[in-house]
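[1] show me the folded form of this:
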Amino acid sequence: MQQTSATQMAQAERLLTDLLSVMQSYNETDPQVVLTLENLIRVYLFSGQFDRATEAAEKCRALISRSNAGPVGLARACNNIGVVYRLSGQFDKSKRVFAEAIGHANQTDADHKESLEALIRFNLGILQAAMGNWADAEQEFRTSMLQHEKELGSHHATIGDLANNLGVTSFHQGRYDEADTFLKRALQVWEIALGAAHSRMALGRFNLAAVYRTQGFFAEAEFCFQRALRIRDDHAKQLLSTSYEPFFSNVMEAPRPSWRPWLGPEVGLLHSVDLFDDPLAIDTPDMMERLSLYRKQVDALRSEPGKLKQTIEQLGPWYHNLEVQPELMTNPAMGDHPASRWRILEPFVPSNMSGKSVLDIGCNAGYFSLQMKRRGAGRVVSIDIMPHVLAQARFMSAWEDLPMEIRKVDTYDVETLGSFDYVVFVGVLYHLKHPLYALEKIANVCKDTMLFQSVVRGPGGDFNPKDDYPNQEAEIFDLPEYPKLYFVEKSFNGDISNWWFGNRSCLKAMLRTAGFREIVDTEREDTFICRK
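    Numbering: from 1, shown residues only. Now for the predicted structure:
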């Protein structure tokens with residue numbers, strides 16, 4: 001699905017206004033005048049021109065009334081006005097005009113009544129939700145779903161929209177199991193009707209994540225959330241809005257939807273617009289990837305110490321030992337870790353990171369990412385492969401109000417994230433089966449400095465290799481300082497993901513080979529500052 005650009009929308013507005021001017025100069029009652037106005041409404045709504053959208057919608061209704069188009073046309077026109085008023089925040093006007101739309105629909109024959117009411121009640125449900133009337137919204141959605149299923153069957157995208165909306169209304173009434181069922185049905189329908197990569201799938205997974213997060217199922221929530229982020233990122237972070245549906249198909253010849261029988265024969269290039277409001281969202285990330293509802297839930301814990309402690313336990317097990325509040329640590333058994341490691345790195349990090357981008361690989365609960373944000377870093381991307389630690393990082397990001405991009409991404413895939421001024425690569429290399437390959441990938445995205453730490457074993461000392469050695473050379477390999485990488489075949493320290501431990505000269509050689517020209521020692525033998 002391609003995002004309609006502002007330039008394209010401005011072009012559409014000029015095209016439609018010119019067309020409208022020409023048609024009105026000949027015959028204002030021409031049916032295409034109404035169709036052109038309907039298309040202009042979409043353009044105005046997309047670009048936030050609510051006054052113009054309202055004017056165009058009211059003009060449509062007036063033209064239909066004067067031409068005696070009948071209750072079908074008036075019901076459609078009132079539905080569109082209701083959506084415009086809702087989107088512009090005029091809820092009372094929207095409610096009145098939707099009631100008028102239903103009144104007109106009731107004056108039509110049975111087939112038209114079902115179709116029109118299904119459309120209007122969908123939008124009326126959105127309005128009730130916007131007003132916080134969740135029980136009333138639920139009733140409208142249930143009625144609309146029954147009517148739509150008769151007309152469209154059980155696997156049309158609109159049924160997915162309605163199932164999603166029923167999931168949201170259930171959530172806001174505290175019926176989480178029911179919300180879970182409806183949202184999963186929405187995802188199932190959307191995948192059949194729209195495909196697994198459609199932006200609706202991201203919306204549904206964001207909603208499902210919010211349901212799980214509210215119940216304390218943080219790992220499950222993060223799993224859903226990461227799948228949603230992948231879909232959204234694939235769509236270049238476009239807004240999850242039906243306003244982004246391909247727009248210019250509406251100014252080309254196309255068959256009428258068979259399930260809207262009142263539209264009549266083709267009347268030229270434009271075809272009718274029935275405005276559907278967007279499906280409801282519970283908690284979707286803003287441009288800074290903050291979650292409004294989740295932040296409120298986290299902030300509420302500040303005045304509930306017992307519930308805060310319970311939440312920290314639900315988020316576990318923790319590896320990083322972070323101070324959430326005085327005397328409340330996430331993993332006291334770890335003592336001063338990772339703060340002790342940060343004290344080694346801190347002297348090499350500017351106190352003002354304003355405008356700098358940071359990639360934190362193997363972020364765990366996000367300790368190093370938070371330190372970078374406290375120094376004013378701009379874009380901070382925190383990656384790991386374990387959803388439960390990403391959930392911990394998301395909690396700490398909300399708790400500290402330091403927004404970060406938190407992603408389930410493998411080290412070998414860092415090039416998909418762009419380039420970064422600083423990279424934090426601490427406590428990860430020995431967990432990778434292909435360490436040099438990973439370092440090369442990281443070097444490709446690091447523009448300036450990498451903060452590096454890995455387990456060191458074997459003899460110390462630096463090694464300065466010659467440019468070349470003859471084939472019969474053997475003694476050099478017995479030197480204690482010769483670069484060595486020790487392979488762990490089974491397990492080390494109860495962890496089967498420990499694969500490689502290098503001596504200092506080996507780690508330095510690998511870092512230079514990957515593309516870091518300068519390797520700076522720190523006070524710890526296993527920690528280096530690597531510069532491009």
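[2] contacts and neighbour counts: CA atoms only from here.
    Fine.
[3] so what touches stretch 74-90?
    With contacts defined as CA atoms under 8 Å, 6 or more residues apart in numbering, stretch 74-90 is touched by 45, 50, 53-54, 57-58, 60-61, 64-65, 91, 93-95, 97-98, 100-105, 116, 119-120, 123, 127, 274-277.
[4] what subset of those residues is buried?
    Buried residues within the contacts of stretch 74-90, counting neighbours by 16 or more other CA atoms under 10 Å: 45, 50, 53-54, 57-58, 60-61, 64, 91, 94-95, 97-98, 100-105, 116, 119-120, 123, 127, 274-277.
[5] which residues touch Thr411?
    Residues in contact with Thr411, defined by CA under 8 Å, 6+ apart, are 361-362, 384, 438, 442.
[6] inside helices: which ones of the residues you listed?
    With helices defined by DSSP state H, the entries of these inside them are 438, 442.
[7] looking at the contacts of Thr411, which one is closest to Leu479?
    For those, the residue nearest Leu479 by CA to CA is Ala438; the value is 27.2 Å.
[8] now do the closest one against Gln24, distance only.
    According to CA to CA, to the nearest Å, Ala438 stands 65 Å off from Gln24.
[9] for Gln107, same thing?
    30 Å.
[10] swap in Ser354?
    Counting by CA to CA, the gap from Ser354 to Gln24 is 56 Å.
[11] same thing with Gln11?
    Taken as CA to CA, the span from Gln11 to Gln24 is 20 Å.
[12] can you check Val349 too?
    66 Å.
[13] repeat for Pro305
    The value you get for Pro305 to Gln24, if CA to CA is used, is 67 Å.
[14] for Ile529, helix, strand, or coil?
    Secondary structure, DSSP: H, G, I helix; E, B strand; the rest coil: Ile529 is strand.
[15] that one and Val520 touch, don't they?
    Yes. With contacts counted by CA atoms under 8 Å, Ile529 reaches Val520, the gap being 4.9 Å.
[16] neighbour count for those two, which is higher?
    Counted by other CA atoms under 10 Å, Ile529 and Val520 do not tie: Ile529 has more neighbours, with 19 against 12.
[17] for the more buried one, list each beta-bridge partner.
    Leu451, Val520 (DSSP bridges).
[18] show me the contacts for it.
    Ile529 neighbours (CA under 8 Å, 6+ apart): 348, 449-452, 519-522.
[19] what distance do you get for it to Arg504?
    Between Ile529 and Arg504 the distance is 13 Å, computed by CA to CA.
[20] okay, and the common contacts of these two?
    Taking CA under 8 Å, 6+ apart as the contact rule, Ile529 and Arg504 have no neighbour in common.
[21] residue contacts, the residue most central in space within the chain?
    Taking CA atoms, centre = their mean as the criterion, Leu229 is the residue nearest the geometric centre of the chain, at 4.0 Å. With contacts defined as CA under 8 Å, 6+ apart, Leu229 is in contact with Ala202.
[22] give me the pLDDT for it.
    Note on Leu229: pLDDT of 95.
[23] what do you get for the one 3 residues further on?
    On pLDDT, Arg232 comes in at 90.
[24] before we move on, what about Ala12?
    Per-residue pLDDT puts Ala12 at 75.
[25] once you drop chain neighbours, what's closest to it?
    Spatially, and ignoring its direct neighbours in sequence, Ala12 is nearest to Val43 (7.3 Å; CA to CA, 6 or more residues apart in numbering).
[26] and that neighbour, that's in a strand?
    No. Per three-state DSSP, Val43 lies outside any strand segment and is helix.
[27] enumerate every residue touching it.
    Contacts of Val43 by CA under 8 Å, 6+ apart are 9, 12-13.
[28] kindly reformat those as JSON lines containing neighbour count and distance to Gly160.
    Output for those, formatted as JSON lines (neighbours: other CA atoms under 10 Å; distance: CA to CA, whole Å):
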{"residue": "Met9", "neighbour count": "19", "distance to Gly160": "28"}
{"residue": "Ala12", "neighbour count": "18", "distance to Gly160": "30"}
{"residue": "Glu13", "neighbour count": "19", "distance to Gly160": "31"}
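[29] mind checking which of those are in strands?
    Residues from the contacts of Val43 lying in strands, with DSSP state E as the criterion: none.
[30] quick one: which of the residues you listed sit in helices?
    Judged by DSSP H, these include 9, 12-13 as members of helices.
[31] closest to Val423 out of the residues you listed?
    Of those, the one sitting nearest to Val423 (CA to CA) turns out to be Met9, at 39.7 Å.
[32] the closest one and Asn207: what is the separation?
    Distance from Met9 to Asn207, by CA to CA: 30 Å.
[33] can you check Met145 too?
    Taking CA to CA, one finds Met145 at 19 Å from Asn207.
[34] quick one: contacts for the spatially closest residue to Ala281 that is not a sequence neighbour?
    Distance criterion CA to CA, 6+ apart; nearest residue to Ala281, sequence neighbours excluded, is Asn207 at 6.2 Å. Contact analysis of Asn207 by CA under 8 Å, 6+ apart lists 168, 183, 281-284.
[35] put the alpha carbons of the host helix or strand of Asn207 into CSV.
    Here Asn207, judged by DSSP states H and E, is contained in helix 199-214. Presented in CSV, the C-alpha positions along helix 199-214 are these (Å, rounded to 0.1, in the frame of the first residue of the first chain):
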residue,chain,number,x,y,z
SER,A,199,-1.1,-2.1,7.9
ARG,A,200,-4.3,-3.3,9.4
MET,A,201,-2.4,-6.3,10.7
ALA,A,202,0.0,-3.9,12.5
LEU,A,203,-3.0,-2.1,14.1
GLY,A,204,-4.5,-5.4,15.3
ARG,A,205,-1.2,-6.6,16.8
PHE,A,206,-0.7,-3.2,18.5
ASN,A,207,-4.1,-3.6,20.1
LEU,A,208,-3.5,-7.2,21.1
ALA,A,209,-0.2,-6.2,22.7
ALA,A,210,-2.0,-3.5,24.7
VAL,A,211,-4.5,-6.1,26.0
TYR,A,212,-1.7,-8.4,27.1
ARG,A,213,0.4,-5.6,28.6
THR,A,214,-2.6,-4.4,30.7
